[in-house]
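Asker: 3D, please:
(2 chains)
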Amino acid sequence: NAGVMQNPRHLVRRRGQEARLRCSPMKGHSHVYWYRQLPEEGLKFMVYLQKENIIDESGMPKERFSAEFPKEGPSILRIQQVVRGDSAAYFCASSPKGAVGTEAFFGQGTRLTVV
Amino acid sequence: KQEVTQIPAALSVPEGENLVLNCSFTDSAIYNLQWFRQDPGKGLTSLLLIQSSQREQTSGRLNASLDKSSGRSTLYIAASQPGDSATYLCAVKKAGGTSYGKLTFGQGTILTVHP
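Answerer: Just a heads-up that it's a prediction; the model follows:
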């Protein structure tokens, strides 16, 4: 059973371009969470999704950021018109349906660098 | 709003020492508390998960305790080794509401164990 898979591991974008980060949860997991780790800061919650639904996006910037978790395929975190301040490590975590109290499993992260 | 604080921010010890990392949280309404390890440029590895009804968990040389009423957890590492050098993160999972599974992280303790 593969763990949480994120790709790409490293992504370089020029200011104004779009960044697409992908997350494939562990097999059997239907809850996906995205977190951002800015340089010299802790991990901050961004968004919580279930299949085809955004449950909580309270940690996601209102502009330029969006997330989806379609019925088929990975969850996508999309950042439009990237700026230098978006440079960070973006982590995805997954958990099984209906198992709120269980352990969170994290991917290796995508390190986004905006130049 | 849940806030998680970790003390100390950094710790340097000689190999073989026993050490304690501290974590405190402001809202005791949690499902569980999880300790993670993060190596530079890497993802998060789960070390121990303590449910809100539990007092402690052990895994090898690691022991984590939880005092939910006082909002405190400690991670005890016995007989430290250079391979234990990493950033240790504490995270609590909120209970209730719509943000099932959302984790709030501390800033981490950077541990260096020198030979």
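Asker: got a list of what the residue nearest to the spatial centre of chain A touches?
Answerer: The centre of chain A sits closest to residue A:34, judged by Cα atoms, centre = their mean, with a distance of 3.6 Å. For residue A:34, the contact set (Cβ atoms under 8 Å, 6 or more residues apart in numbering or on different chains) comprises A:23, A:45-47, A:49, A:60, A:67, A:75, A:77, A:90-92. All C-beta spots, glycine's among them, are computed from the backbone N, C-alpha and C.
Asker: try it again at 10 Å.
Answerer: Each residue near residue A:34 by Cβ atoms under 10 Å, 6 or more residues apart in numbering or on different chains is listed here: A:6, A:21, A:23, A:44-49, A:57, A:59-60, A:65, A:67, A:69, A:75-77, A:90-93.
Asker: which ones, among those, also lie beside chain B?
Answerer: Of the residues in the contacts of residue A:34, proximity to chain B by Cβ under 10 Å from any Cβ of the partner chain holds for A:6, A:44-45, A:47-48, A:59, A:91-93.
Asker: which of those sit farthest apart?
Answerer: Across the ones next to chain B among the contacts of residue A:34, no pair lies farther apart than A:6 and A:59, at 17.8 Å, counting by Cβ to Cβ.
Asker: the two: who's more crowded?
Answerer: Between residue A:6 and residue A:59, counted using other Cβ atoms under 10 Å in any protein chain shown, residue A:6 has the larger neighbour count: 23 against 17.
Asker: so how far is residue A:38 from the more buried one?
Answerer: To residue A:38, residue A:6 is 17 Å away according to Cβ to Cβ, to the nearest Å.
Asker: and residue A:32, by the same measure?
Answerer: In terms of Cβ to Cβ, residue A:32 sits 21 Å off from residue A:38.
Asker: the two: which is more packed in?
Answerer: Neighbour count, other Cβ under 10 Å: between residue A:32 and residue A:38, residue A:32 has more, with 27 against 13.
Asker: and that one, what element?
Answerer: Following DSSP states H and E, one finds residue A:32 within strand A:29-37.
Asker: list the contacts of residue B:108.
Answerer: With contact taken as Cβ under 10 Å, 6+ apart, residue B:108 is in contact with A:37, A:41-43, B:6, B:9-10, B:21, B:23, B:36-38, B:86-90.
Asker: thanks a lot, catch you later.
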